[in-house]
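# starting from these lines, generate the structure:
(chains A and B)
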Amino acid sequence: AAGVIQSPRHLIKEKRETATLKCYPIPRHDTVYWYQQGPGQDPQFLISFYEKMQSDKGSIPDRFSAQQFSDYHSELNMSSLELGDSALYFCASSSQASNQPQHFGDGTRLSIL
Amino acid sequence: RKEVEQDPGPFNVPEGATVAFNCTYSNSASQSFFWYRQDCRKEPKLLMSVYSSGNEDGRFTAQLNRASQYISLLIRDSKLSDSATYLCVVNRRGAAGNKLTFGGGTRVLVKP
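Below is the predicted model:
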């Protein structure tokens, strides 16, 4: 079965650079969620989109923005990168039709030098 | 206080033994509950949903106690491959849709 696809798998950037992470949800899933997981931490919710509109916002820094496109894929844009942004970034998707659990992508490992 | 709390462990478990651990949640409006498993540097993977009546999936048994606001996971006949971090996940459905809150995870190490 098709899963959530994230790209790139790994990304290395320097401080003050920008980065864009992409997420392609499971087909027919209408909601996308972004999480940040630092070393030894549990996943922290950043932001979610339902039907291309922002539906909820968590601990997303002002330097980050995200959007969901007409094909339901989502992009997380990160600017003025800091060392503390080094983390695993997961995207998850679900269908709002029920309380079914979210399915996660493999994640993007972002390293800031 | 965190909305979802777990004993971080690690729980050191002899192979073949039984291990159980709990997760408490503070928001009584929480509607659905899940256990996810996460291996090092990998994505969280759904292990099982947790139903009010309790449910079993092979060697794994999950229980929900709404009155005391906790869920539990029991693993029987532990295998080496059960070594992982087990994340308790609580879902609350609001106007903005579903919102998952993760516990900090319980680390389980199964040893020969």
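# for the rest of this, base every contact and every neighbour count on C-alpha atoms.
Noted.
# ok, residue B:31 to residue B:66 distance?
10 Å (C-alpha to C-alpha, to the nearest Å).
# now residue A:106
32 Å.
# same check on residue B:34?
14 Å.
# check contacts around the residue most central in space within chain A.
The centroid of chain A falls nearest to residue A:34 when counting by C-alpha atoms, centre = their mean (3.2 Å). Taking C-alpha atoms under 8 Å, 6 or more residues apart in numbering or on different chains, we find residue A:34 in contact with A:45-48, A:76, A:89-92.
# one step back: tell me which of residue A:106 and residue B:66 has more neighbours.
The neighbour comparison of residue A:106 against residue B:66 (other C-alpha atoms under 10 Å in any protein chain shown) goes to residue A:106, with 23 against 14.
# secondary structure class of the more buried one, three-state.
Classification of residue A:106 using DSSP: H, G, I helix; E, B strand; the rest coil returns coil.
# isn't it right up against residue A:90?
Yes: under the criterion of C-alpha atoms under 8 Å, residue A:106 makes contact with residue A:90 at 6.9 Å.
# now for the two: what residues contact both?
Counting by C-alpha under 8 Å, 6+ apart, the residues touching both residue A:106 and residue A:90 are A:6, B:43.
# which residues are contacting stretch A:53-71?
Residues from elsewhere that reach stretch A:53-71, judged by C-alpha under 8 Å, 6+ apart: A:32, A:44-49, A:51-52, A:74-80, B:96-97.
# and what of stretch B:74-82?
Counting by C-alpha under 8 Å, 6+ apart, residues outside stretch B:74-82 touching it are B:13-21, B:59-62, B:108-112.
# and it, what's buried?
For stretch B:74-82, the neighbour count (16 or more other C-alpha atoms under 10 Å in any protein chain shown) marks B:74-76, B:78-79, B:82 as buried.
# what sits against the nearest residue to residue A:100 once chain neighbours are set aside?
Spatial nearest neighbour of residue A:100, excluding adjacent residues (C-alpha to C-alpha, 6 or more residues apart in numbering or on different chains): residue A:94 at 7.1 Å. Taking C-alpha under 8 Å, 6+ apart, we find residue A:94 in contact with A:26, A:29-32, A:100-103.
# change it to 6 Å
By C-alpha atoms under 6 Å, 6 or more residues apart in numbering or on different chains, residue A:94 lies in contact with A:29, A:31, A:102.
# can I get those in CSV including distance to residue B:7?
As requested, the contacts of residue A:94 are arranged in CSV below (distance: C-alpha to C-alpha, whole Å):
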residue, distance to residue B:7
A:29, 33
A:31, 31
A:102, 23
